[in-house]
Structure formats: C-alpha cells, structure tokens
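Trainee: This is a predicted model, with the sequence first.
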Amino acid sequence: MTGKHAAVAILFSEPTRIRDGLEMKPLWLEVKGYSFLETFTTNEGIFYGEKLPDLAFVQLAVRDVPALTFCAEPNAI
C-alpha cells in the first residue's frame, strides 16, 4: 500500500471529426482533494436506494472549465 488515494479524473476535449469517426482527446487531471458522503437523508417518503449512496465530490486542478450542473427534476439520475 502506498497510502495514496485511487481517485483519477479525465477531461475529454470536444469531439473532432477524423475521417469517418470522432476523436475526443483525454487530459488526465490532478485530483486536489475529495470527500465522500458521511450521511444521507431524503425528504421523500420512500427511498429505494442504498442507505448511503456511493457518491463523492472531487476538487480538480483545472481553471476555465464550465461548472457542472445537476438535474433536480423528479426521477432524474
């Protein structure tokens, strides 16, 4: 064991047409930090998922990248 985390992040470029296909170049990013959910509650009456969903948040060493938006619609993933 190295004691290092196993988190990785890859940002892909916009698709570029190459002959009859598309290419998306990968850029491996440094993970500055991460955190896992420690508790989870819902305001729904019934929840069929895991008691503690497998979800984490990461901080990446990037700038000038559009923010990620989450869908808050009912029944959306």
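Mentor: It's in.

Trainee: K25 reaches P15, doesn't it?
Mentor: No: using Cβ atoms under 8 Å, K25 is not in contact with P15, being 9.7 Å away. For glycine as for every other residue, the C-beta is placed from the backbone atoms N, C-alpha and C.

Trainee: Identify the residues contacting the helix or strand where W28 lies?
Mentor: Taking DSSP states H and E as the criterion, W28 maps to strand 26-29. Residues outside strand 26-29 that contact it (Cβ atoms under 8 Å, 6 or more residues apart in numbering) are V8, A9, I10, L11, F12, S13, L60, A61, V62.

Trainee: Output those in CSV, with neighbour count and pLDDT appended to each entry.
Mentor: Compiled in CSV, those are given as follows (neighbours: other Cβ atoms under 10 Å; pLDDT from 0 to 100):
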residue, neighbour count, pLDDT
V8, 10, 86
A9, 16, 91
I10, 8, 93
L11, 13, 88
F12, 10, 91
S13, 10, 89
L60, 15, 89
A61, 10, 89
V62, 12, 87
